[in-house]
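> below are the sequence and a predicted model; questions follow.
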Amino acid sequence: MQVGISAIEYVLGSDTVSVDELEARGMLDSPAVRLSEFGFSCARLSRESSNTLATAATSKLLGTTGVDRTSIDALFYAGATPSCHAVVTPDPLSAFNYPVAQLQYELELTHATAFGVSQVGCLGLMASVALAKDFLLSSESASRALCVSADVLPAGCRREMIYNVISDGACAVLLEKECGRNRILAYRQVTKGYYWNSIAQKNEITAAYFPTARNIVRDTLADANLDSSDISCILPHNVSLRSWEILLGLIQIGREKLFAENIAKMAHVIAADNWINLRDAAETGRLHHGDKLLLFTFGFGANWACMVLEH
Amino acid sequence: MAHTVLVTGATGMIGQALVPLLARRNDVRAIFALTHTREYMASSYKVTPVRSDLTAGPDLGVTPEFGREILDRTTAIVHAAANTRFSASLEEARAVNLEGTKNLLAFASHCPRLKAFAALSTVHVAGKRTGTICEEDLDHTSGFVNSYEQSKYEAELLLRESMSALPISVLRLSTVLGSTTGEVRRMAAIHYALRLYYNSLAPMIPGKQDSLVDLIAVDYAAGAVEHFAVEDFLAGRTFHICGGENALTLARLLELTREAFLRYRPSWRKRAIEMPAIVDLPTFELFARSVEEVGDHILRSSVAIIKHFVPQLVYSKIFSDVECARSLQAKGFLKPSVLEFYPQVVRWLVESSWGEHGTQAGGAGA
């Protein structure tokens, strides 16, 4: 039994703001010129809430695929920030106003069992896809699962995290049994709780990032019975190009295999990057049938995740 | 023959271990222990501390009367003083390592009874050379990783030029780690690098899995220096006091380090800190440049510690110590196993928090 990814859609924050403008607004820690050198040109800022973007991305996917909404058996909702997991009002009870339930209701996904995936930072959507695959494989009757991520940072907040420019956006990913496209070959996720304090351990996290990333990529490739030379394309999380160039040196994969086109124009859309990049790489004809694709991401917490797909 | 020995760098890593060894010898009558900045506690009635400055000129910054006495009495010189700071500018390194040596040679040329001038150097005068480095090798155009290597290379050229006029031998040491009991009296770059790994601040090391890391114990090094300076001095010769064929590969060294961290600080396990990745030099340099551009001071300091000496591992080489080993073995002086003393040093570092508080791990002095 195989599970593949049959469709992806996304929406980004409507306001495109250059790194120079972000700097002028006091929304960066590093100089704009430095972040430009690291591959960023702008961020996408949303005036809408995260659940509004989630609804928009999911509606778009349901519309373009025409999939029967009642055939969706599970709905996984990922968000890196706590505010993305509740539609909050001053009433304490609103902490239980879950956007995944709202999404299930508004989009008439009436047969979908709903789950929230949180506390894994920017790998929420990749973890959701892995969980959705396991869900489908564990249930004979289930055939489709939908994974959605949405993150919108508070208005006016800083838009740089450890030398990366952050954007708002949402992404929806449809998984299906017996789907030949984007078949999931292997997945690994590593959590290192020692680095749970993202502020106090910023330096240690930066240092741990590279060797841990190298190891999880190596191990995931081994799980898929592949080596780095088998990979046709890397679909990155849109952190700085500089950090990707360093990581490519560690994993011994050439720069030409990195799909980096979205880093400048979209920046880091928190949990959605890898999947946005998968969609756009396919859309632009970069991917071919049978290509082996490597997806890697990191989330505060600290979590590292890697997935290998066959296109 | 009775010796009166002048030791420069008496408070340095080797000097501290060497002076007591010399003082124990019946054939050593007196020791002039030259120090630059620190107060010196003489360990024997034979030892006379002498405040000096090798960069001051041929009088070494010693008063004329005292200088005259040293000149008249000295029969052997052990030149152990050096600026070993890898991040020093070339100008700073040359001031001590080259000009200081030049001044000492000028001083030595006025010692009427001088029979031996043992100059300590480093195996890393080989710089970026690769392959097997023999003890008599010196000239090369491969370049250097840091100012220490280059200035010591230049000093060796000077020493070789002077061999026709003075009884000089060169003793090249590899990286001196600590004693065979584990104690580290003076922290050096390698100890700070180990602390970075322990604290999850060492993401990568330039080199190859099989790059050799040549480490020696300080007691072995000091004993070998004693041997070649007073026991079996051979003018015009160069010896490698190093691990030689016993050198560890970089991969093995990292494994041993991890094993020692886990054994001597079991709670370290729960941090799940990865071993530093072994990477090529361009990857390391890109990371180092990025940290220098944007990292905060802790990360920048961490990279600075590593980048001035670890890139030597990219230039894989093995130091032959055939002549040194032959001479030492003839006297029954055996090289300690790095597999035995390295974990003890890591243990001492962990248990003393890198020398910040006492430990029971070490032997002498602990």
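In hand now; what should we look at?
> let me know the pLDDT of the closest residue in space to residue A:18 that isn't next to it in sequence.
Counting by Cβ to Cβ, 6 or more residues apart in numbering or on different chains, residue A:18 lies nearest to residue A:42, which is 4.8 Å off, once chain neighbours are set aside. From N, CA and C alone the C-beta is placed, and that goes for glycine too. Note for residue A:42: predicted pLDDT of 98.
> what is the neighbour count of residue A:42?
The number of residues packed near residue A:42 is 20, by other Cβ atoms under 10 Å in any protein chain shown.
> check contacts around it.
A:16, A:17, A:18, A:19, A:165, A:264, A:265, A:267 (Cβ atoms under 8 Å, 6 or more residues apart in numbering or on different chains).
> wait, which of the residues you listed is closest to residue B:262?
residue A:165 (39.1 Å; Cβ to Cβ).
> next to chain B, which bits of the stretch 51-200 of chain A? Give me the list.
Listed as neighbours of chain B in the stretch 51-200 of chain A under the rule Cβ under 8 Å from any Cβ of the partner chain: A:163, A:192, A:193, A:194, A:195.
> show me which residues of the host helix or strand of residue B:342 are buried.
Assessed by DSSP states H and E, residue B:342 sits inside helix B:338-351. Buried positions in helix B:338-351, judged by neighbour count with 16 or more other Cβ atoms under 10 Å in any protein chain shown: B:338, B:341, B:342, B:343, B:344, B:345, B:346, B:347, B:348, B:349, B:350, B:351.
> and the closest residue to the fourth one other than its chain neighbours, how many residues sit next to it?
What that stands for is residue B:343. Once flanking residues are discounted, residue B:343 sits nearest to residue B:260: 4.5 Å by Cβ to Cβ, 6+ apart. By other Cβ under 10 Å, 21 other residues sit near residue B:260.
> what residues are up against residue B:260?
B:342, B:343, B:346, B:347, B:350.
> cool, and residue B:134?
B:320, B:322.
> and the gap between it and chain A?
Distance of residue B:134 to chain A, computed by Cβ to the nearest Cβ, to the nearest Å: 34 Å.
> that residue and residue B:140, how far apart?
12 Å (Cβ to Cβ, to the nearest Å).
> now swap in residue A:218 and tell me
Applying Cβ to Cβ, the value for residue A:218 to residue B:140 is 37 Å.
> and these two? Which one has more around it.
It is residue A:218, of residue A:218 and residue B:140, that has more neighbours when counted by other Cβ under 10 Å, with 17 against 14.
> quick one: pLDDT of the closest residue in space to that one that isn't next to it in sequence?
Nearest non-adjacent residue to residue A:218, counting by Cβ to Cβ, 6+ apart: residue A:251, 7.2 Å away. Predicted confidence (pLDDT) at residue A:251: the value is 96.
> which other residues reach the helix holding residue B:342?
So helix B:338-351 is contacted by B:177-184, B:191, B:194-195, B:198, B:215-217, B:243, B:246-248, B:253, B:256-257, B:259-261, B:263-265, B:355, B:359-362, B:366 (Cβ under 8 Å, 6+ apart).
> make a ChimeraX selection of the buried ones in those residues.
Those of the contacts of helix B:338-351 that count as buried under 16+ other Cβ under 10 Å are selected in ChimeraX with:
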select /B:177,178,179,180,181,182,183,184,191,194,195,198,215,216,217,243,246,247,248,253,256,257,260,261,264,355,359,361,362
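> now stretch B:60-68: buried residues?
Within stretch B:60-68, the residues that qualify as buried are B:60, B:61, B:62, B:66, B:67, counting by 16+ other Cβ under 10 Å.
> quick one: least confident of those?
Ranking the buried residues of stretch B:60-68 by pLDDT, residue B:66 lands last with 89.
> next, that one: phi, psi?
When read as degrees, to the nearest 10, the backbone of residue B:66 gives phi -70, psi -40.
> just the one 10 residues further on next, same as before
The phi and psi torsions at residue B:76 (degrees, to the nearest 10) take the values phi -140, psi 140.
> wait, what's in contact with it?
By Cβ under 8 Å, 6+ apart, residue B:76 lies in contact with B:3, B:4, B:5, B:6, B:114, B:115, B:116, B:117, B:118, B:229, B:230, B:233.
> dump those into a markdown table; add pLDDT, neighbour count and distance to residue A:85 as well.
Below are those laid out as a markdown table (pLDDT from 0 to 100; neighbours: other Cβ atoms under 10 Å in any protein chain shown; distance: Cβ to Cβ, whole Å):
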| residue | pLDDT | neighbour count | distance to residue A:85 |
| --- | --- | --- | --- |
| B:3 | 95 | 20 | 79 |
| B:4 | 97 | 20 | 80 |
| B:5 | 98 | 28 | 75 |
| B:6 | 98 | 29 | 75 |
| B:114 | 97 | 20 | 81 |
| B:115 | 97 | 15 | 82 |
| B:116 | 98 | 21 | 77 |
| B:117 | 98 | 27 | 75 |
| B:118 | 98 | 26 | 72 |
| B:229 | 96 | 27 | 72 |
| B:230 | 94 | 22 | 76 |
| B:233 | 96 | 18 | 77 |
